[in-house]
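Enquirer: predicted model and sequence follow; I will ask about them next.
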Amino acid sequence: MALTVWVLFRWAAAAVAAVTVQKWVVKTVQLERKLAETEAALKVARRERTAERTGRIRAQRELKTTLVSKKSSEDANSAAFPMTPIGTVRSCFSTRNGTPRQPLLVTEARSCVVLYPGGIPVEAFEGLGQYSHCWLLYVFHDNTDLQRLWIKPGHRDFKAKIHVPRLQGGKMGVFATRSPHRPCPIGLSVAKIEGVYGGMLLLSGADIVDGTPVLDIKPYLPYCDSISVASAPSWVKAGGSEDVLAVKTVDFAESFIRDLAASWNSMEKYSLYSSPEELQKLLKQVLSRDIRSLSQRERPHTAKLSEVSDIFSKISSDPAHLNMGGLGSSDERELTAQTENFLQVTRDSCTNGEVLYNLVIEGVNVSYTQDSEGHVVVKACTVLQHLNTPDIRNCRRGFTS
């Protein structure tokens with residue numbers, strides 16, 4: 001009896017084991033089949049993605065070719081690329097006149113790049129503050145010939161040679177100069193980074209006029225951007241006896257110092273500078289190099305009193321033209337007095353036969369004389385307009401905080 005039970009138990013155990021093995025074999029076969037199907041599906045997906053990527057790349061190339069291809073010699077100038085300014089430069093230089101011809105010559109110059117709202121995120125500035133300097137790519141938006149380039153974008157009629165200030169009127173090929181009047185009016189400048197505050201990049205030493213559209217910003221890399229063996233013609237070197245643009249002295253008349261001190265009360269909160277002394281230091285650096293045009297240097301003319309009076313007639317008769325929004329009546333009377341003093345200095349200079357030049361810095365019109373020996377005397381100043389914009393106020397807080 002016991003033997004029979006033991007045999008039955010072994011038979012049952014063998015049957016169970018056989019069933020288990022059979023199920024395991026079936027599951028293994030099913031898993032292998034599914035794995036093979038999955039691998040096949042993955043291969044198909046890879047081929048499809050490869051084909052899709054190849055097609056997309058091909059389509060992109062074809063689109064690029066369509067956009068920039070030169071279909072004929074007549075159509076060679078129609079190539080276009082997607083470039084939109086990322087922001088604007090707010091600068092102490094109100095006009096082209098007086099803006100340095102090269103970067104870092106006027107180290108006291110202050111400016112800031114403000115990103116356009118809703119455009120490039122402010123995170124794009126992250127890490128830029130770790131560098132000491134940066135490159136700026138921008139548009140020469142204030143060129144006098146910019147409208148002609150819009151009307152006739154082709155380069156056939158572009159003047160290949162230009163008059164160079166340092167060559168006393170001599171001509172040079174445009175690509176051998178830093179002239180802003182170029183076939184494609186794009187500027188390149190290096191500037192010192194003073195700080196990054198949100199969507200603002202504070203700079204010093206930039207040679208860029210206020211309101212300039214910025215295309216791109218790149219960090220300055222000393223190991224590859226500074227070339228120790230670089231050379232240049234002698235006529236482009238700054239300083240020394242051969243520098244035809246160097247000025248011997250820059251002095252400030254008492255009338256100018258009084259005008260600036262009196263005007264400071266109304267312009268202080270709109271200036272990128274903390275004191276009239278700082279602004280005066282900027283002016284001295286700007287005027288330490290001859291900023292006059294070639295025609296002004298070759299053919300200096302005595303300013304006509306009627307012309308100067310016409311320029312300031314509206315200002316002297318109507319203080320509203322001073323753009324004095326937010327100022328009190330005492331400030332208006334003060335600025336009107338400064339304008340009258342400015343006109344009186346102009347009358348005196350005209351009567352004495354002096355050649356009077358004008359420069360606008362931070363909305364302040366500055367008059368000065370420069371004799372043939374290179375001696376500059378700053379005579380007077382008056383506020384033309386306040387740079388009363390949110391950008392300027394924010395930039396000022398960045399520089400003065």
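Expert: Okay, I see it.
Enquirer: what packs against the helix or strand in which Lys379 is found?
Expert: Element membership for Lys379 (DSSP states H and E) is strand 375-383. If you count contacts as 3 or more CB pairs under 8 Å, 6 or more residues apart in numbering; DSSP states H and E, strand 375-383 packs onto strand 249-252, helix 254-267, helix 276-287, helix 329-351, strand 364-370. Just so you know, the C-beta spots here come from the backbone N, C-alpha and C atoms, and that holds for glycine as well.
Enquirer: rank the ones you listed by pLDDT, which is bottom?
Expert: Least confident of those, judged by mean pLDDT, is helix 329-351 with a mean of 54.
Enquirer: can you name the next helix or strand after that one?
Expert: As assigned by DSSP H and E, the chain's next helix or strand after helix 329-351 is strand 356-361.
Enquirer: mind giving me the packing neighbours of that next one?
Expert: If contacts are counted by 3+ CB pairs under 8 Å, 6+ apart, strand 356-361 sits against helix 276-287, helix 329-351, strand 364-370.
Enquirer: what are the phi and psi angles of Thr99?
Expert: phi -70, psi 130 (degrees, to the nearest 10).
Enquirer: contacts only, for it.
Expert: 91, 93, 207-209 (CB atoms under 8 Å, 6 or more residues apart in numbering).
Enquirer: can you put the residues you listed in JSON lines and add secondary structure and neighbour count?
Expert: Below are the contacts of Thr99 laid out as JSON lines (DSSP: H, G, I helix; E, B strand; the rest coil; neighbours: other CB atoms under 10 Å):
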{"residue": "Ser91", "secondary structure": "strand", "neighbour count": "26"}
{"residue": "Phe93", "secondary structure": "strand", "neighbour count": "27"}
{"residue": "Asp207", "secondary structure": "coil", "neighbour count": "22"}
{"residue": "Ile208", "secondary structure": "coil", "neighbour count": "24"}
{"residue": "Val209", "secondary structure": "coil", "neighbour count": "23"}
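Enquirer: give me the neighbour count for the nearest residue to Glu373 once chain neighbours are set aside.
Expert: Counting by CB to CB, 6 or more residues apart in numbering, Glu373 lies nearest to Lys248, which is 6.5 Å off, once chain neighbours are set aside. Residues contacting Lys248 under the criterion other CB atoms under 10 Å number 11.
Enquirer: go on, Thr28?
Expert: Per other CB under 10 Å, the neighbour tally for Thr28 reads 10.
Enquirer: name the element it belongs to?
Expert: helix 2-68.
Enquirer: shouldn't Phe399 be within a strand?
Expert: No - counting by DSSP: H, G, I helix; E, B strand; the rest coil, Phe399 falls outside a strand, being helix.
Enquirer: so how far is His141 from it?
Expert: 24 Å (CB to CB, to the nearest Å).
Enquirer: can you check Glu126 too?
Expert: Following CB to CB, the distance that separates Glu126 from His141 is 28 Å.
Enquirer: same check, this time on Gln285
Expert: With the distance defined as CB to CB, Gln285 ends up 24 Å from His141.
Enquirer: and if you look at Asp216?
Expert: Relative to His141, and taking CB to CB, Asp216 is found at 15 Å.
Enquirer: more neighbours, these two?
Expert: His141 (16 against 13).
Enquirer: show me what contacts the more buried one?
Expert: Each residue near His141 by CB under 8 Å, 6+ apart is listed here: 185, 211-213.
Enquirer: same thing but at 7 Å, please
Expert: Contacts for His141 (CB atoms under 7 Å, 6 or more residues apart in numbering) come out as 212-213.
Enquirer: part of a helix, is it?
Expert: No - secondary structure assignment (three-state DSSP) places His141 in coil, not in a helix.
Enquirer: so what pLDDT did it get?
Expert: At His141, the pLDDT value in this model is 90.
Enquirer: how about the strands in the stretch 151-300 of the chain?
Expert: For the stretch 151-300 of the chain, the strands defined by DSSP state E, counting those that start in this stretch cover 161-163, 171-173, 186-197, 200-204, 213-219, 249-252.
Enquirer: winner for burial among these?
Expert: Of all the strands of the stretch 151-300 of the chain, strand 200-204 carries the top mean neighbour count, a mean of 23, counting by mean count of other CB atoms under 10 Å.
Enquirer: what lines up beside that strand in the sheet?
Expert: strand 110-115 (antiparallel), strand 186-197 (antiparallel) (DSSP bridges).
Enquirer: want to try JSON lines for the ones you listed, with distance to Tyr220 and mean pLDDT as columns?
Expert: What follows is those, written out as JSON lines (distance: least, CB to CB, whole Å; pLDDT from 0 to 100):
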{"stretch": "strand 110-115", "distance to Tyr220": "15", "mean pLDDT": "95"}
{"stretch": "strand 186-197", "distance to Tyr220": "6", "mean pLDDT": "96"}
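Enquirer: of those strands, which approaches Phe158 most closely?
Expert: Among those, the nearest to Phe158 by CB to CB is strand 186-197 (14.2 Å).
Enquirer: would you mind listing the outside residues contacting that closest one?
Expert: Here strand 186-197 makes contact (CB under 7 Å, 6+ apart) with 103-104, 125, 128-129, 131-140, 180, 201-208, 220, 398.
Enquirer: what does the pLDDT read for Gly127?
Expert: 96.
Enquirer: residue nearest the centroid of this protein?
Expert: When CA atoms, centre = their mean is applied to the chain, the residue found nearest the centroid is Val214 (4.2 Å).
Enquirer: just confirm that residue contacts Val139, I think it does.
Expert: No - taking contacts as CB atoms under 7 Å, Val214 lies outside contact range of Val139: 8.1 Å.
Enquirer: overlap in contacts of these two?
Expert: Joint contacts of Val214 and Val139 (CB under 7 Å, 6+ apart) are Pro85.
Enquirer: about what we covered before: ok, the contacts of Thr99 vs Lys379, which is closest?
Expert: Phe93 (20.2 Å).
Enquirer: the closest one: what's it in contact with?
Expert: 99, 209-210, 361.
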